[in-house]
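Colleague: take a look and give me a structure for this.
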Amino acid sequence: LSKMTKYDRKQYLREKQKIKEKRRAKITKVLSSIGALCFCGFIGFAIYVANLPYMVVGDKYDIEKDEINFYYSRNIEDFMNTYGNYVSYLGLDTSKPLSTQVYDSQTGETWEDYFIKMAENSVTQVYSILDMGKESDFVYAEEESDLAEFKVSFEEAASKANLTPDGYAKSLYGNSMTAKKIYDYVKNYNYSIRFSNHIYESFEVDEASIETYYKENNVNFDTFNYLAYEMAPTYESNATNELKESAIKLNKEVAEKFYEEEIKKVTNKDEFIKAIDSLIAEDDKDKEKYKDGTAITYTDASIVYEDEKVVEWLNDSSRKMGDFTLVTTDETCYFLYFESKSLDTSNTRDVRHILAGAEEVKDADGNVTDDGFAKAKEDMDEIEKLWNESSKSVDAFASLANTKSEDTGSNTNGGLYEGVPKGEMVEEFDTWLFDEARKTGDTGVVKTEFGYHLMYYVGENEPTYKLSIDSTLRNEMYNSWIETITLETVVNE
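Modeller: Alright, predicted model coming up:
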């Protein structure tokens, strides 16, 4: 694995923030350490760990090692699905055993230790919520059907592996695991999720609370247009503290001199770009990007992960277009040019869809052809036929989505995506969704790079920032609630 530089990390954090900004409207009610969707379909991912502890949660729940192993694997899968290719930036090498990789250099904790603790926390929360739900006489109608659906998918996976359900359970989690144990874990997990969602939805967040939170935390939601060039000192990785301090001092002196002699002459954006370009060596591989300003221009960007002094200057209420400055920190210097900041107050939209996915087919030259869409079109024709034969209600659409859609992100909740901001989805999907003439109940078929989508327009929703703040405030209430109901846990080695 290559070492991540400071620049790489900044780019990584910016990209993660962009993803967060795009997805923050899709509010999922979660237990803090496990996924939120009910366990209906089997995912087929497990890592067996022999030396797990066992636990006692409260005064009535004895937790076997098998169950901790179940959550251990579940949490690793959730972690990998969340971070994907970014896990290497977090210091995790998926090609090596977790027990050999250090997670916390100060404590010596390994990644295996980290995921075991996550599993312990998951178990504690699940059974604390379960206990409170039972005391509250909470029931949900789909409890048995959810479990039945999981059993079907688990047994299908076992069959494909040419194993019995018990044999498959053992192959995943060790010789003491059985299919019945897994079914029991899933049933309790599903119940805890349903009850926690019930509690989450019961919290009330008013408009005044949202606006107050925004004013106090606007930098988390506003986007900025600005130019920034970071001028960092150069020294060898093995340099002494004395050499580092000398390099930092020299860097600041050069930056301040350049600011006084060149930047202060700037009267517009183009002149700022030209001035910064003069700092860049002619043989720099990114010279052209500095010449046209691409390398230093940030458009509709979040500044959450910028240095706090940079954030303070850009977010100053008196800031106006054309302002520029030099910001110096303990180690580096930033030349900044401000253009604007804004808050997207446009309404998001809710939509349901059913995806008939297209397989990628390439020709002899490696170019993707339309051949892969032929089967997808046949599947969509069949889905449309079933839809036209139905009552054409939203419930009928949701039911069809749950049984026919290939979109794993929505085929367990009726194909529903809530709080979608304009520009988030692929172009064809987005164009259909945000058509000005769109009205509730509209349906249609859209072709995208993923296949064919049968669309169902639900209606408008709040702006992204309001949905995000609502979610944040509810999560704060939820976390406070969790703290009050969490049962005492004893972990035994």
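Colleague: switch to C-alpha atoms for all contacts and neighbour counts from now on
Modeller: Fine.
Colleague: burial of Lys265, as a residue count?
Modeller: 12 (other CA atoms under 10 Å).
Colleague: same question, Asp330
Modeller: 9.
Colleague: do the one 5 residues further on as well
Modeller: Residues within reach of Phe335, counting by other CA under 10 Å, total 23.
Colleague: doesn't it belong to a strand?
Modeller: Yes - according to DSSP: H, G, I helix; E, B strand; the rest coil, Phe335 belongs to a strand.
Colleague: thought Thr329 was touching it, still the case?
Modeller: No - using CA atoms under 8 Å as the test, Phe335 is too far from Thr329 to be in contact (11.7 Å).
Colleague: for Met55, grab phi and psi.
Modeller: Here is the backbone geometry of Met55 (degrees, to the nearest 10): phi -140, psi 160.
Colleague: now swap in Arg194 and tell me
Modeller: Backbone phi and psi, for Arg194 under degrees, to the nearest 10, turn out to be phi -60, psi -40.
Colleague: that one and Thr212, how far apart?
Modeller: 30 Å (CA to CA, to the nearest Å).
Colleague: the two - which one has more neighbours?
Modeller: Neighbour count, other CA under 10 Å: between Arg194 and Thr212, Arg194 has more, with 24 against 11.
Colleague: could you report the pLDDT at the more buried one?
Modeller: What the model reports for Arg194 is a pLDDT of 95.
Colleague: thought Glu142 was touching it, still the case?
Modeller: No - using CA under 8 Å, Arg194 makes no contact with Glu142, being 9.7 Å away.
Colleague: overlap in contacts of the two?
Modeller: Counting by CA atoms under 8 Å, 6 or more residues apart in numbering, Arg194 and Glu142 have no shared contacts at all.
Colleague: quick one: the strands in the stretch 351-493 of the chain?
Modeller: Ranges of strands in the stretch 351-493 of the chain, per DSSP state E, counting those that start in this stretch, are 416-420, 443-448, 451-463, 489-492.
Colleague: cool, the stretch 101-250 of the chain as well?
Modeller: All strands of the stretch 101-250 of the chain, identified by DSSP E, counting those that start in this stretch, fall at 102-104, 109-110, 223-231.
Colleague: which residues are contacting the last one?
Modeller: Where contact means CA under 8 Å, 6+ apart, the residues beyond strand 223-231 that reach it are 251, 255, 276, 296-303, 332-343.
Colleague: buried among these? Make that a PyMOL selection.
Modeller: Buried residues among the contacts of strand 223-231 (16 or more other CA atoms under 10 Å), as a PyMOL selection:
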select buried, resi 251+255+276+296+297+298+301+302+303+332+333+334+335+336+337+338+339+340+341
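Colleague: just the contacts of strand 223-231: which are in helices?
Modeller: In this view, the contacts of strand 223-231 that belong to helices under DSSP state H are Asn251, Ala255, Ile276.
Colleague: hang on, the last one packs against Tyr290?
Modeller: Right, Ile276. Yes - counting by CA under 8 Å, Ile276 does reach Tyr290; the two are 7.4 Å apart.
Colleague: between the two, which contacts overlap?
Modeller: Common contacts of Ile276 and Tyr290, defined by CA under 8 Å, 6+ apart, are absent altogether.
Colleague: distance of Leu433 from Glu427?
Modeller: Separation of Leu433 from Glu427 (CA to CA) stands at 10 Å.
Colleague: okay, these two: which has more neighbours?
Modeller: Applying other CA under 10 Å to Leu433 and Glu427 shows that Leu433 carries more neighbours, namely 25 against 13.
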